[in-house]
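Enquirer: Have a look at this prediction, sequence included:
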Amino acid sequence: MYELEVENLKRFSGYIAQIIRPSNMRGFMSLYLDPGEMERILSEERSSVTCAAKMLLEKMWTLQEQGWFRSFLDHLLAGEYTGLHKAIEEWNFEKIEQMTPHKKLLERIEASFTNQIKPVEILTYMTECFTPRECEEIRATDEQKGHIAASEKLTECLKRSDKSNWFKLLILALQRCNYDTALQLLDPETDGNKAVQEIDMSEEVRTLSFQYKEESDVNSLVKSANHIIHAKNEAEAVLDAELGPSKTKGQKILRNYQRELAEPAFDGKNTIVCAPTGCGKTLVALAICEDHLKTRREKNAKIVFLATKVEVFAQQLKEFSDYFSSTDDDVRIRGICGDMDEKTPMKVIAENNDIIVLTPQILLNALNKGELPSLSIFTLLIFDECHNTTGKHPYNMLMASYLDSKLNERGEPLPQIVGLTASVGIGTFKNQQEAENNICQLCANLDVTVISTVEQNKEELMSFVHIPEKDFYAVEKRPNDPFVSIIKDIMSTIESHARRTYDIESLSNIPHNEQGTQKYEQWIVDVQKKCCVLQMDDKEEESRVCRALFNYTEHLRKYNDALIINEDARTKDALNYLDSFFQQVRQAGFDETEQKLTAYFDAQHKHLNDLSQRMDGENPKLKRLIYILNELYRLNDKTRTLLFVKTRALAEALKNWIEETESLKYLKPSILIGRKTDTKGFGMTPTSKKGVLESFKSSDHSNILIATSVADEGIDIPQCNLVLMYEYIGNVVKMVQVRGRGRAEGSKCIFVSSKTEWVEKEKLNMHQEKIVDEAVANLQQSKDLMLTKIAVFQKEDKAKRDYIKSIPVRPRDEDRYRLVCSKCKQFACFSDDLRLLEESHHIVLDRRFFERCQTKPHGKPISFLGITKKMKVFCGLCRHDWGLTATYMNIDDLPLIKVKSFVLENCATKQQYKCTKWTEVPFSIKTFDIAEIESL
């Protein structure tokens, strides 16, 4: 059937074997070769790519299955062998043959050539000639083994290239990078100082589009220089459009669309830069900063760049440092975030630096404490992910201070404001008018007058930015699951016990008919909070009832979590979650109530375990997830996946599932979640999160990253080409942010849910995204209307703030308070025993405190701000977590307690309060004085 095709493949096998790399054809081989043959070919590739390619061709000649030849062509195209695909499809190898002299030349001069170049710089102008895999391998080799090894890798790839224009692009790249010696090796008659325009720019070269996939990787977007150019001659403009930002006469050149985005800010206007994720908004911000420092050099320019998350802060600080170290060493840069042991006063940092990268709460605290007089000491504020400037977010609190200064007409100079975002679609809206009002409110909050979007250079923008294709998978729920029935029966029994202990229905109005839902979780939390402050005449009975209700609600909460995990993961994962909880229960107080509740679980454990092991009980969602992952990795074995989930527990469950699933374990999953919030939960430190991100970005150690919302905005993961939203949904902005994590060309974003209403909500988000675009366009056309709305919103918001300020602040009580355990009402200490240490820690001076508590060693003792945390502290009666002990200035055993573990009881009125933050307590707390310790 394929005699002609086989004959032609044999005829041109010499050319084909010199180009293809069998590992790039893994998908084809898995379909038509047996695993043993495939493994032998891949094993041979490690020794000789060409010999392995010949082995593959020889196996293909014997294939009899229908469709194998068309499949081979399809996989060539998928592997980006466009030149070879065209040659085989037309059986015309003329262009392939024309490359032979250039490849032989490169082979002859290779030893000298590889010593003359820095391959990563060359790669910037030649990505069209390489597959994404080759680009990553060259960069990785450069980082791990150095320039020469990476140059050899680049040369090897060029010698196997099927792109007919590779040699011309190589010449251009060498000229752009001023590698004159390398140029003369390729052509001894070449004058290294000739203008680029003298190179023969064929039609193929002029229509190239280079894809840069990192928003914040400045070094991949531009090469070193001294300042931004705002205008270029026509010849330079043509070349830039073809070859991207470049190193020309030592100057840094923005792409046209980036310059368009930055232009209003260059003119000094308060601006929101709104552009897709991956287009280089961080580079735009750096260009704005550089221009601002240059134009205001004599006016003592001071810039603050604000990042919403610690992870983003670290990423952006590195970008700023790298950028200015290569452009202007005189620019002083400093970074501060909440996780740093920073004792230098903010005023000193501001005075001695030109650019400060901060998390917003740091700046807000400095203003509130009077360390900084006002925002007027700065000349430019840049808000990364500025769509967060709403409500009580620190961004909005900072801007409220700014707007009060502006509207009170104090006459002090105010900094220029620049916001960066991928979407301004904040809030809820049903139509374009409501969307416009929301956008104007955001502009009012930020005091911006311009929304800068790409209008004149859209074609160029879209050649660099790849919007992932969106797919939806509506899947079935588990049918009649006996595991769920057993868990719900136990929960009903616990609810009955709770009702007999107290009328819990009177404590909360939240509907709670459906167990295993977020609504049920809200009801439990509300009831548990109300239980803590129940008061009775008989204090022993009060203690017994509160402790029992605490246990009942805590167990209900864990069972509810298990039902949610079971719905989205394996029954085994849900059972493991419960096993871990009951292990903690047995190690804690384990009173009579807890023993009874544990007995209910133990009685059903064997049955639950049997159900978790059954083969016919696999979750339909996981079956669909296996299908999606296997199919996409079959088509591209270099796929990099970011899997978004709602909860930490589900992230951990899916990681375990992938590791234990034979067909998926090769993905080597890792997780990225938020920090640990209590002793019973789990989380990640900033250091561990950074390590996971760096590993995922720079190596093949993990092919799939399972993340909660900590990764949905700001964090740069350029290699990702598959985004899976697994029962993960939000508003328009979240949708845009999450989708934007997939930056590689050909990326996909897939939404998987068993909830029809969630699928419809995500489709509505896509529709609302278009409404937002139309709203922005209309506001840009109706500038006067936009400015009028902004002014109205600002005046209304100012009136609200003034009214709130006019309300007398309730003074802190001088009364004494008792702190009692929120679980059992055991007395812990008095409010006047408390002291504030280092403005954030609350310690107990009364040494009799240790008679009322128990301690055990801290699993991971850490030091921070001069404080070494050593022991964990628990209630002496019920083992409820109270906090830690620490060493400070050679003082041992200082109890650091957390307010959410206690109920506050006024000693005079007996009224009780439950606070979740120390800022909510009704009494004042003195600052720690070491003399008090010495006098004890």
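Expert: Right, received. Where do you want to start?
Enquirer: Name the residue closest to the centre of the chain, please.
Expert: A711 (2.0 Å; Cα atoms, centre = their mean).
Enquirer: Verify the stated contact: that residue with L643.
Expert: No - applying Cβ atoms under 8 Å as the test, A711 and L643 come out as separate, 10.0 Å apart. (Each C-beta comes from the backbone N, C-alpha and C, glycine too.)
Enquirer: Return every residue with contacts to both of those two.
Expert: L705 (Cβ atoms under 8 Å, 6 or more residues apart in numbering).
Enquirer: which stretch of helix or strand covers E260?
Expert: Per DSSP states H and E, E260 falls inside helix 256-266.
Enquirer: And whichever helix or strand comes after that helix, what does it pack against?
Expert: Sequence-wise, the next helix or strand downstream of helix 256-266 (DSSP H and E) is strand 271-274. Counting contacts by 3 or more Cβ pairs under 8 Å, 6 or more residues apart in numbering; DSSP states H and E, strand 271-274 is packed against helix 256-266, helix 281-295, strand 416-421, helix 432-446, strand 450-452.
Enquirer: Tell me which of these sits nearest to M735.
Expert: strand 416-421 (13.5 Å; Cβ to Cβ).
Enquirer: Partner strands of the closest one and their direction?
Expert: strand 271-274 (parallel), strand 380-384 (parallel) (DSSP bridges).
Enquirer: Can you add distance to F850, mean pLDDT and mean neighbour count and give these back as TSV?
Expert: Compiled in TSV, the strands paired with strand 416-421 are given as follows (distance: least, Cβ to Cβ, whole Å; pLDDT from 0 to 100; neighbours: other Cβ atoms under 10 Å):
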stretch	distance to F850	mean pLDDT	mean neighbour count
strand 271-274	55	96	26
strand 380-384	46	96	26
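Enquirer: what would those look like in a markdown table with distance to I349?
Expert: Shown next, in a markdown table, are these (distance: least, Cβ to Cβ, whole Å):
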| stretch | distance to I349 |
| --- | --- |
| strand 271-274 | 26 |
| strand 380-384 | 15 |
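Enquirer: re the thing from before, got the contact list for the helix holding E260?
Expert: Taking Cβ under 8 Å, 6+ apart as the rule, helix 256-266 contacts 230, 237, 240-241, 254, 271, 273, 275, 279-281, 283-284, 287-288, 291, 416, 418, 450, 452-458, 460-461, 464.
Enquirer: If burial is judged by neighbour count, which of those pass?
Expert: Neighbour-count burial within those applies to 240-241, 254, 271, 273, 275, 279-281, 283-284, 287-288, 291, 416, 418, 450, 452-454, 457, 460-461, 464; the criterion is 16 or more other Cβ atoms under 10 Å.
Enquirer: among the strands paired with strand 416-421, which is nearest Y81?
Expert: Between those, strand 271-274 lies closest to Y81; by Cβ to Cβ that is 38.0 Å.
Enquirer: longest helix anywhere in the protein?
Expert: helix 539-568 (DSSP state H).
Enquirer: so I288 makes contact with V418?
Expert: Yes - using Cβ under 8 Å, I288 is in contact with V418, at 6.0 Å.
Enquirer: Q854 should be in a helix, yeah?
Expert: No - Q854 is assigned strand when assessed by DSSP: H, G, I helix; E, B strand; the rest coil, not a helix.
Enquirer: neighbours of L622, just the number please.
Expert: 19 (other Cβ atoms under 10 Å).
Enquirer: I meant R160, not that one.
Expert: 18.
Enquirer: Contact partners for it?
Expert: So R160 contacts 18-19, 21, 49 (Cβ under 8 Å, 6+ apart).
Enquirer: looking at the strands paired with strand 416-421, which is closest to D322?
Expert: strand 380-384 (16.7 Å).
Enquirer: Specify the local secondary structure of the residue nearest to I467 when sequence neighbours are not counted.
Expert: Leaving out its chain neighbours, the residue that sits closest to I467 by Cβ to Cβ, 6 or more residues apart in numbering is P276, at 6.8 Å. Judged by three-state DSSP, the three-state class of P276 is coil.
Enquirer: Does P276 touch G740 like I think?
Expert: Yes - using Cβ under 8 Å, P276 is in contact with G740, at 6.6 Å.
Enquirer: Show me where the stretch 601-750 of the chain has its helices.
Expert: Here the stretch 601-750 of the chain has its helices, by DSSP state H, counting those that start in this stretch, at 620-635, 648-660, 686-698, 732-739.
Enquirer: Give me whichever of the ones you listed is most buried.
Expert: helix 732-739 (a mean of 24; mean count of other Cβ atoms under 10 Å).
Enquirer: if we can go back for a sec, between the contacts of R160, which is nearest L608?
Expert: Out of those, the member with the shortest distance to L608 (by Cβ to Cβ) is R21, at 49.6 Å.
Enquirer: just to revisit the earlier point, shared neighbours of I288 and V418, which are they?
Expert: Common neighbours of I288 and V418 (Cβ under 8 Å, 6+ apart) are 265, 380, 382.
Enquirer: With distance to A653 as new columns, can those be given to me in a markdown table?
Expert: Below are the shared contacts of I288 and V418 laid out as a markdown table (distance: Cβ to Cβ, whole Å):
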| residue | distance to A653 |
| --- | --- |
| A265 | 45 |
| L380 | 45 |
| I382 | 39 |
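Enquirer: Pairing partners for the helix or strand that contains F305, with directions?
Expert: Using DSSP H and E, F305 sits in strand 303-306. Using DSSP bridges, the strands paired with strand 303-306 are strand 355-358 (parallel), strand 380-384 (parallel).
Enquirer: Could you point out the helix or strand that follows that strand?
Expert: helix 310-327.
Enquirer: average model confidence for that following helix?
Expert: For helix 310-327, mean pLDDT is 84.
Enquirer: next one: stretch 859-870
Expert: Mean predicted lDDT for stretch 859-870 stands at 71.
Enquirer: Touching, T181 and Q116? I think so.
Expert: Yes - under the criterion of Cβ under 8 Å, T181 makes contact with Q116 at 4.8 Å.
Enquirer: quick one: which of these two has more around it?
Expert: A count of neighbours by other Cβ under 10 Å puts Q116 above the other of T181 and Q116, at 17 against 13.
Enquirer: how about the nearest residue to that one, chain neighbours excluded?
Expert: In space, Q116 is closest to A182, 4.1 Å off (Cβ to Cβ, 6+ apart).
Enquirer: Likewise for E45?
Expert: That would be A52: by Cβ to Cβ, 6+ apart, it lies 3.8 Å from E45.
Enquirer: what do you get for P360?
Expert: Nearest one to P360, counting by Cβ to Cβ, 6+ apart, is P394 at 3.7 Å.
Enquirer: and the helices of the stretch 601-750 of the chain as JSON lines, adding distance to V921 and mean pLDDT?
Expert: Output for the helices of the stretch 601-750 of the chain, formatted as JSON lines (distance: least, Cβ to Cβ, whole Å; pLDDT from 0 to 100):
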{"stretch": "helix 620-635", "distance to V921": "44", "mean pLDDT": "90"}
{"stretch": "helix 648-660", "distance to V921": "29", "mean pLDDT": "92"}
{"stretch": "helix 686-698", "distance to V921": "28", "mean pLDDT": "73"}
{"stretch": "helix 732-739", "distance to V921": "34", "mean pLDDT": "78"}
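Enquirer: who wins for proximity to L446 among these?
Expert: Nearest to L446, of the helices of the stretch 601-750 of the chain and by Cβ to Cβ, is helix 732-739 at 14.8 Å.
Enquirer: So, low pLDDT: which residues of the stretch 501-650 of the chain?
Expert: 615-616 (pLDDT under 70).
Enquirer: doesn't Q768 fall inside a helix?
Expert: Yes - remark: Q768 belongs to a helix, assigned using three-state DSSP.
Enquirer: returning to what we had before: residues in contact with the residue nearest to P360?
Expert: 360-361, 363-364.
Enquirer: pLDDT score for it?
Expert: For P394, pLDDT reads 95.
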